[in-house]
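Asks: the following block contains a protein sequence and its predicted model.
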Amino acid sequence: MTTRRIVLLALMILVGASRSMAQSDKPLEVLIATWRGCEEACQGATDYLQSLEPEIVIRYLDAGRERARVPEILNEARRAKVDLIVSWGTSVTLEMAGTLATLDDPAFNHDIPQVFMIVADPVGAGIVADLDATGRKNITGTYNRVPEKVNVDTLRRLLPEIDALGLLYNKNEKNSVVKRDELAELLPSMSVTLVDLEIELGPDGSPLPEDIGPAVRRLKNAGADAVYVGSSSFLRSNAAVLGAAARAAGLPLISPYEEMVRDGNALISVAARYYDIGQLAGQQAEAILVGGAEPGDLPVARMQNFALTVNLGFAKEVGVWPPIDLLEFADIVN
């Protein structure tokens, strides 16, 4: 047995604050609540937790991109008396934990330790009060987004004369609206105009993939020099449609999702890798389950490492060639 494993097991024996005596004989149990299945971040969290304790029980419940399913996931966590919840994404986290304004509402989780990940703006969404002090006794998480100024500055390396940035947003996604508002506040200070367009909703109240192409053309006609994905599970799920529309319109597309660039559906991304975000969430879980920390005493953990990825095939199609000094430290996809 390694020294690290001996230390961890000793801590689990000595620290009783995080688990009651009645639970001490059962394996640790964690529920990972996902929005679109167990992807890279979920796998990163899983691998980290299993490296801590091979006997840990990890349950996966998926909302299937339907917010209405999340309350039942929380009910299942309560029935199973899990030791910790890991929630993926803004929608799942909001439906499960509520906001600072709903701390007295028993429909939300105020007792089970919870670690969120892949939340674009936990402060703007009202999930936590601050990244350093969450204001929620049972909740902490991770923060993985690159500052939007960095994204715009990176885009300027490609388009030095950019005047207007196009953005599609989905009002059904809180994170998408928050990101739109953030850009509306930031871009004037950078002498860039925001050309934003709300994606129309279909008869069932959800946006339709077939509306993406016409919406991109409207951004182009409104003067957008490039398009930014912002934060949207809908656009990410329909990356191929969005990428094709941007190429057809001759618009560079910058995305916070690295896989869009690797799949040829965007030109450039500056992003944390999702597996690494899951590992960071696992570290937060370790501090709670093994270290005995109260979730609310832990600051939201920030990602420190980001990758720049450029797709040269996309660049060729839209007629924008990245400068050599940018390519020198970028991951290149052809």
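Replies: Nice, thanks for sending it over.
Asks: tell me what the helix or strand harbouring residue 166 is packed against?
Replies: Residue 166 belongs to strand 164-169 when assigned by DSSP states H and E. Packing contacts for strand 164-169, counted by 3 or more C-beta pairs under 8 Å, 6 or more residues apart in numbering; DSSP states H and E, involve helix 174-186, strand 193-198, helix 212-221, strand 226-228. Any C-beta I mention is one placed from the backbone N, CA and C, and that applies to glycine too.
Asks: got a list of what the closest residue in space to residue 124 that isn't next to it in sequence touches?
Replies: Counting by C-beta to C-beta, 6 or more residues apart in numbering, residue 124 lies nearest to residue 178, which is 4.2 Å off, once chain neighbours are set aside. Listed by C-beta atoms under 8 Å, 6 or more residues apart in numbering, the contact set of residue 178 reads 120-121, 124-125, 231.
Asks: go on, residue 37?
Replies: residue 62 are the contacts of residue 37 under C-beta under 8 Å, 6+ apart.
Asks: any idea how far residue 329 is from residue 243?
Replies: Here residue 243 is placed at a distance of 24 Å from residue 329 (C-beta to C-beta, to the nearest Å).
Asks: more neighbours, these two?
Replies: Using other C-beta atoms under 10 Å as the criterion, residue 243 and residue 329 rank with residue 243 on top: 26 against 8.
Asks: confidence score at residue 124?
Replies: With respect to pLDDT, residue 124 has a value of 89.
Asks: okay but it is in contact with residue 180, surely?
Replies: No. Residue 124 is beyond contact range of residue 180, at 10.7 Å (criterion: C-beta atoms under 8 Å).
Asks: who's more crowded, those two?
Replies: residue 180 (22 against 16).
Asks: nearest spatial neighbour of that one, skipping sequence neighbours?
Replies: residue 169 (4.4 Å).
Asks: that neighbour: neighbour count?
Replies: 25.
Asks: with the one 10 residues further on instead?
Replies: The number of residues packed near residue 179 is 24, by other C-beta under 10 Å.
Asks: and it, how far is that from residue 145?
Replies: Taking C-beta to C-beta as the measure, residue 179 falls 9 Å from residue 145.
Asks: now do the shared contacts for those two.
Replies: If you check residue 179 and residue 145 against C-beta under 8 Å, 6+ apart, the residues they both contact are 120-121, 231.
Asks: which of the residues you listed tops the neighbour count?
Replies: The member of these that has the most neighbours, counting by other C-beta under 10 Å, is residue 231 with 27 neighbours.
Asks: in this protein, which spans are helices?
Replies: Under the criterion DSSP state H, the chain contains helices at 3-14, 40-52, 70-80, 90-97, 148-158, 174-186, 212-221, 233-237, 239-249, 258-262, 274-289, 312-318, 324-327.
Asks: how about those, which one is nearest residue 138?
Replies: Nearest to residue 138, of all those, is helix 90-97, at 8.4 Å by C-beta to C-beta.
Asks: helices and strands around the closest one, which ones?
Replies: Contact partners of helix 90-97 among helices and strands, from 3+ C-beta pairs under 8 Å, 6+ apart: strand 29-34, helix 70-80, strand 84-88, strand 114-117, helix 174-186.
Asks: export the ones you listed to TSV and tack on mean pLDDT and distance to residue 312?
Replies: Output for the helices and strands packed on helix 90-97, formatted as TSV (pLDDT from 0 to 100; distance: least, C-beta to C-beta, whole Å):
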stretch	mean pLDDT	distance to residue 312
strand 29-34	98	33
helix 70-80	98	40
strand 84-88	98	31
strand 114-117	98	31
helix 174-186	93	27
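Asks: okay if I get those as a markdown table plus distance to residue 49?
Replies: Formatted as a markdown table, those follow (distance: least, C-beta to C-beta, whole Å):
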| stretch | distance to residue 49 |
| --- | --- |
| strand 29-34 | 6 |
| helix 70-80 | 16 |
| strand 84-88 | 8 |
| strand 114-117 | 11 |
| helix 174-186 | 25 |
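Asks: looking at these, spot the one closest to residue 135.
Replies: strand 114-117 (13.6 Å).
Asks: and the closest residue to residue 326 other than its chain neighbours, what does it touch?
Replies: The shortest distance from residue 326 to any non-neighbouring residue, by C-beta to C-beta, 6+ apart, is to residue 157 (5.3 Å). By C-beta under 8 Å, 6+ apart, the residues touching residue 157 are 322-323, 326.
Asks: any of those buried? List them.
Replies: Among those, those classed as buried by 16 or more other C-beta atoms under 10 Å are residue 322.
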